[in-house]
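Student: with the input below, show me the fold.
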Amino acid sequence: MIWSYIKYIAVIAVVLMLSCTGRENKPHTDEKIPQAVLSNKEVVHNWLSSIQQSGIPPYYGGAYVENEILYIWTTSNSYTVQEDIWQRCKTKNGIIIKPYANSMAMLVGMMKTLDSLIVADNHPEIKYYGHTLDERNNRIIIKLGDVSNENISQFKKHILDSPYFKYEKGQEAILF
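Tutor: Residues are numbered from 1 along each chain as shown. You can find the predicted model right below:
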């Protein structure tokens, strides 16, 4: 009977030891990140200043402000990314990190590809009027004179197709 209890205790001890292994022992750097409540303008200013000083981080997918909160799209929601954003903004408060697959670099690269394809392949029948980056929704808006399914299919066939495109009605620019 005693051996049963000893075996039972030994199994519990092994399970406890195994459950505690493999965990990352990250130093808590939260004390380096200020918890000050900054105004939305200060948070945005800190973020933009950090981009000017250090460049656009590789995880960055875009940002927007809504209801006094800075939303930042990222390609990863790792603690390292969160910590970098908090350091750049100089606070944790007033920021929501939204993970998404697209980085800003990928979207800008796609826009450059789109620019070169538009110049190389002239298709006036498609009535293409431009494109713009939609940081709020992390995609590219394609402006077309005709947003029918047939015209969008022609754009996809002759120019470029991407799940990151959204098609909207556009107008031809008037140049003076």
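
Student: what's the following helix or strand after the helix or strand of the chain with the lowest mean pLDDT?
Tutor: When each helix and strand of the chain is scored by mean pLDDT, DSSP states H and E, helix 2-20 comes last, with a mean of 53. Sequence order places helix 40-54 as the next helix or strand after helix 2-20, per DSSP states H and E.

Student: buried set for stretch 55-68?
Tutor: Buried positions in stretch 55-68, judged by neighbour count with 16 or more other CB atoms under 10 Å: 57, 59-63. C-beta coordinates here come from the backbone N, C-alpha and C atoms, glycine included.

Student: domain parsing for this protein?
Tutor: Domain assignment for the chain, taken from automatic domain parsing, gives 29-99, 104-169.

Student: in CSV: those domains, plus mean pLDDT.
Tutor: Below are the domains of the chain laid out as CSV (pLDDT from 0 to 100):
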stretch, mean pLDDT
domain 29-99, 87
domain 104-169, 88
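
Student: look up how far residue 159 lies from residue 122.
Tutor: According to CB to CB, to the nearest Å, residue 122 stands 10 Å off from residue 159.

Student: those two: who's more crowded?
Tutor: residue 159 (17 against 10; other CB atoms under 10 Å).

Student: what residues are up against that one?
Tutor: The contact partners of residue 159, taken as CB atoms under 8 Å, 6 or more residues apart in numbering, are 114, 117-118, 121, 123, 126, 128.

Student: show me which of those residues are buried.
Tutor: Neighbour-count burial (16+ other CB under 10 Å) applied to those gives 114, 118, 126, 128.

Student: just give me the closest of the residues you listed to residue 154.
Tutor: Nearest to residue 154 among those is residue 126, at 5.4 Å by CB to CB.

Student: C-alpha coordinates for stretch 37-47, PDB please?
Tutor: Extracted in PDB, the C-alpha atoms of stretch 37-47 (Å, rounded to 0.1, in the frame of the first residue of the first chain):
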ATOM      1  CA  VAL A  37      -1.100  57.700 -20.100                       C
ATOM      2  CA  LEU A  38      -0.200  59.700 -23.100                       C
ATOM      3  CA  SER A  39      -2.600  61.600 -25.400                       C
ATOM      4  CA  ASN A  40      -3.400  60.000 -28.700                       C
ATOM      5  CA  LYS A  41      -1.400  62.700 -30.500                       C
ATOM      6  CA  GLU A  42       1.700  61.900 -28.300                       C
ATOM      7  CA  VAL A  43       1.400  58.200 -29.000                       C
ATOM      8  CA  VAL A  44       1.100  58.800 -32.800                       C
ATOM      9  CA  HIS A  45       3.900  61.300 -32.700                       C
ATOM     10  CA  ASN A  46       6.200  58.900 -30.900                       C
ATOM     11  CA  TRP A  47       5.400  56.100 -33.400                       C
END
